[in-house]
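1. how does the following fold in three dimensions:
(one chain, ligands or ions: 1)
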Amino acid sequence: MSTPLSALSNIISSHVQTLEAAYAKAGAEFPSLDDPFHPTPLDFDPALHQTKALIVAAAAQILATVRSPIEMLQEYSPGMYWTATLGFVVDTNIPDILNEGGPQGVHVKDISAQNGVDPSYIARILRFLATRHVFREVTPDVFANNRISSLLSKSKSVKEIKADPVARFDEAPLAGFISSSADEALKSSVHFSEFLQNPIKAAAAFNIALKTEAKMWEWYEEPGNEWREIFVNGIGCKDLKDGDVVVDVGGSVGSCVLHLFKEYPNLHYVVQDLPKQITAAAEFWQENAPEAVPSGKVTLQAHNFFTPQPVKGAAVYFLRVVIHDWPDRDAKTILQHLRDAADTYSKLIIFDTLAFHVCEDPATESAAPKAPVPRPLLANLGIAGAGFETGLDIQMINLFNGKERTEAEFRELGLSVGWKLESITRGPLPAFVFSAV
Ligand SMILES: C[S@@+](CC[C@H](N)C(=O)[O-])C[C@H]1O[C@@H](n2cnc3c(N)ncnc32)[C@H](O)[C@@H]1O
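-> Numbers count the residues shown, from 1 in each chain. Model prediction:
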């Protein structure tokens with residue numbers, strides 16, 4: 001029997017061989033960390049997903065095992081500097097400036113000439129991040145984007161970003177997410193421990209930090225916060241009949257419905273959200289499918305989901321990344337209004353991340369990872385399986401007192417208001433399908 005360390009090392013070496021062989025078969029090499037991210041189909045090949053996850057899980061576990069625990073905690077405890085430095089580079093357009101500079105890199109003085117920040121601050125922040133494999137220091141004080149940092153850039157030129165800063169995160173949701181993490185989320189996190197110890201003091205840590213009683217979504221609707229708006233399968237549209245009604249509850253401008261509408265124009269869609277989002281939605285549909293709203297195939301409807309649902313008896317009510325924003329009491333109210341409006345044939349579909357226990361969980365039946373996890377890896381594959389989800393869960397507590405839920409928690413939540421969990425379609429964003437009981 002091998003020791004845990006050599007078992008981890010074997011997992012890495014055998015799966016690295018599999019990975020490199022798959023790329024070699026396609027006449028390619030595994031992409032270098034030094035180059036900007038240019039996605040190829042192999043990067044998203046589902047057959048290689050588990051191979052990569054096992055390498056990452058084993059590498060993270062080797063790191064945690066071999067590295068001094070003192071050093072681990074010294075690295076983790078000032079973890080807010082990750083958020084603060086990533087927010088800084090996004091807010092000061094550094095990845096965008098480096099994109100335009102190319103692989104030879106840009107000197108910190110030339111970055112400074114474009115964003116007005118002291119070059120010595122820029123050098124130290126980029127050194128912190130490049131030490132952690134985000135950005136590359138090409139020669140002293142000259143930096144270039146690498147595979148990771150290239151994804152921090154917005155989808156516009158530096159000139160366009162400066163000309164219309166409110167629209168800087170259009171088509172760049174990842175940069176927008178990082179900027180908001182470093183702003184309202186980082187500010188709220190200061191009150192995180194205080195909130196958890198006294199959760200009746202405020203709706204969430206966010207409310208203590210921002211000194212507001214408004215939920216974050218209402219706060220986004222307030223004047224001055226316009227720029228903060230950063231925000232298909234599994235619905236089973238092919239099984240619906242012509243004219244069946246599909247309601248996207250909390251659908252923002254309706255980007256999910258746009259995909260559905262293009263693929264299944266025979267259905268009727270309703271996009272519901274708060275009034276400002278619906279005003280923005282009118283513009284979005286005018287730009288992307290001008291015929292949809294006038295034809296009556298798509299209806300844009302201002303609706304607060306804490307009030308009775310106006311569309312009765314729809315074939316499908318769906319909520320994408322909405323329910324995780326709310327604690328159980330509020331989530332029940334939202335789902336209860338949908339149940340009251342539903343008919344016996346109506347389906348409720350929730351798209352949200354699925355929380356897994358770190359150890360094996362016999363209660364997770366339909367969504368459990370199918371392949372057995374080799375010893376001594378964590379049952380949820382650690383950061384390779386649940387890194388993003390567990391981080392998002394903390395973000396949900398911080399901003400909304402919301403929650404990523406396990407399969408058992410979804411089942412219980414649904415049943416408490418008359419929705420029976422029928423199936424879970426796995427994928428990057430699992431779909432939880434409920435029927436009315
Ligand atoms: C994380 S976003 C998800 C948007 C959309 N479903 C998507 O997947 O792109 C949550 C949405 O819920 C909306 N929302 C928040 N509170 C609401 C309420 N009381 N009634 C209706 N919509 C609300 C927000 O405006 C926002 O568009």
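2. for Ser155, what are its contacts?
-> By CB atoms under 8 Å, 6 or more residues apart in numbering, the residues touching Ser155 are Asp170, Glu171, Ala172. From N, CA and C alone the C-beta is placed, and that goes for glycine too.
3. rerun that using 6 Å as the cut-off
-> Contacts for Ser155 were tallied using CB atoms under 6 Å, 6 or more residues apart in numbering; they are Glu171, Ala172.
4. can you name the helix or strand that the residue nearest to Phe305 when sequence neighbours are not counted falls in?
-> Distances taken as CB to CB, 6 or more residues apart in numbering put Ile334 closest to Phe305, at 4.9 Å, once the chain neighbours are dropped. Using DSSP states H and E, Ile334 sits within helix 328-341.
5. try Gly243
-> Counting by DSSP H and E, Gly243 is found in no helix or strand.
6. and the residue nearest to Phe305, how many neighbours does it have?
-> Ile334 has 20 neighbours, counted by other CB atoms under 10 Å.
7. using the three-state scheme, assign Val270.
-> With DSSP: H, G, I helix; E, B strand; the rest coil as the basis, Val270 sits in strand.
8. re the thing from before, against which helices or strands is the helix holding Ile334 packed?
-> Judged by 3 or more CB pairs under 6 Å, 6 or more residues apart in numbering; DSSP states H and E, helix 328-341 has no packing partners among the helices and strands.
9. give me the contacts around that helix.
-> Phe305, Phe306, Pro308, Gln309, Lys312, Tyr317, Ile323, Leu348, Leu413, Ser416, Val417, Gly418.
10. which of the residues you listed are buried? Put it as a PyMOL command.
-> In PyMOL, this line selects whichever of the contacts of helix 328-341 come out buried by 16 or more other CB atoms under 10 Å:
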select buried, resi 305+309+317+323+348+413+417+418
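11. in JSON lines: the contacts of helix 328-341, plus secondary structure, distance to the ligand and pLDDT.
-> What follows is the contacts of helix 328-341, written out as JSON lines (DSSP: H, G, I helix; E, B strand; the rest coil; distance: CB to the nearest ligand atom, whole Å; pLDDT from 0 to 100):
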{"residue": "Phe305", "secondary structure": "coil", "distance to the ligand": "4", "pLDDT": "98"}
{"residue": "Phe306", "secondary structure": "coil", "distance to the ligand": "5", "pLDDT": "97"}
{"residue": "Pro308", "secondary structure": "coil", "distance to the ligand": "12", "pLDDT": "98"}
{"residue": "Gln309", "secondary structure": "coil", "distance to the ligand": "11", "pLDDT": "98"}
{"residue": "Lys312", "secondary structure": "coil", "distance to the ligand": "18", "pLDDT": "98"}
{"residue": "Tyr317", "secondary structure": "strand", "distance to the ligand": "12", "pLDDT": "98"}
{"residue": "Ile323", "secondary structure": "helix", "distance to the ligand": "10", "pLDDT": "97"}
{"residue": "Leu348", "secondary structure": "strand", "distance to the ligand": "14", "pLDDT": "98"}
{"residue": "Leu413", "secondary structure": "helix", "distance to the ligand": "17", "pLDDT": "98"}
{"residue": "Ser416", "secondary structure": "coil", "distance to the ligand": "20", "pLDDT": "98"}
{"residue": "Val417", "secondary structure": "coil", "distance to the ligand": "17", "pLDDT": "98"}
{"residue": "Gly418", "secondary structure": "coil", "distance to the ligand": "20", "pLDDT": "98"}
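12. which one among the contacts of helix 328-341 gets closest to Lys25?
-> Ile323 (41.6 Å; CB to CB).
13. residue contacts, that closest one?
-> Ala331, Ile350, Asp352.
14. dump those to TSV, plus neighbour count and pLDDT.
-> Listed next are the contacts of Ile323 as TSV, based on neighbours: other CB atoms under 10 Å; pLDDT from 0 to 100:
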residue	neighbour count	pLDDT
Ala331	25	98
Ile350	27	97
Asp352	24	94
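15. among the residues you listed, which one lies nearest to Leu5?
-> For the contacts of Ile323, the nearest to Leu5 is Asp352 (36.6 Å; CB to CB).
16. residue most distant from the centroid, this protein?
-> Met1 (39.7 Å; CA atoms, centre = their mean).
17. mind checking pLDDT for it?
-> Here the pLDDT value assigned to Met1 is 74.
18. Val66 versus that one, what's the distance?
-> 20 Å (CB to CB, to the nearest Å).
19. for Tyr220, same thing?
-> Tyr220 is 44 Å from Val66, by CB to CB.
20. more crowded one of the two?
-> Tyr220 (20 against 9).
21. does stretch 257-266 come close to the ligand?
-> No: using CB under 6 Å from any ligand atom, stretch 257-266 never reaches the ligand; the gap is at least 9.5 Å.
22. picking that back up, would you turn the contacts of Ile323 into a markdown table with distance to His38?
-> Shown next, in a markdown table, are those (distance: CB to CB, whole Å):
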| residue | distance to His38 |
| --- | --- |
| Ala331 | 40 |
| Ile350 | 34 |
| Asp352 | 31 |
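23. the residue nearest to Ala436 when sequence neighbours are not counted: neighbouring residues, count only.
-> For Ala436, ignoring the flanking residues on the chain, the nearest one in space by CB to CB, 6+ apart is Ala342 at 4.8 Å. Using other CB under 10 Å, the number of residues around Ala342 comes to 25.
24. and if you look at the one 3 residues further on?
-> Counted by other CB under 10 Å, the residues lying close to Tyr345 total 11.
25. how close does the residue nearest to it when sequence neighbours are not counted get to Val271?
-> Closest residue to Tyr345 apart from its sequence neighbours, by CB to CB, 6+ apart: Ala315 at 7.0 Å. Distance of Ala315 to Val271, given as CB to CB: 15 Å.
26. helix or strand right after the helix or strand of the chain at the bottom of the mean pLDDT ranking?
-> When each helix and strand of the chain is scored by mean pLDDT, DSSP states H and E, helix 216-220 comes last, with a mean of 80. Using DSSP H and E, the helix or strand that follows helix 216-220 in sequence is strand 245-249.
27. partners of that next one, with directions?
-> strand 268-273 (parallel), strand 316-320 (parallel) (DSSP bridges).
28. how about the strands in the stretch 51-200 of the chain?
-> For the stretch 51-200 of the chain, the strands defined by DSSP state E, counting those that start in this stretch cover 106-107, 136-139, 142-144.
29. list the buried residues for the last one?
-> To tie it back to what came earlier, the one meant is strand 142-144. Neighbour-count burial for strand 142-144 [16+ other CB under 10 Å]: Val142, Phe143, Ala144.
30. got CSV for the residues you listed, with distance to the ligand and pLDDT too?
-> Converted to CSV, the buried residues of strand 142-144 look like this (distance: CB to the nearest ligand atom, whole Å; pLDDT from 0 to 100):
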residue, distance to the ligand, pLDDT
Val142, 39, 96
Phe143, 33, 96
Ala144, 33, 97
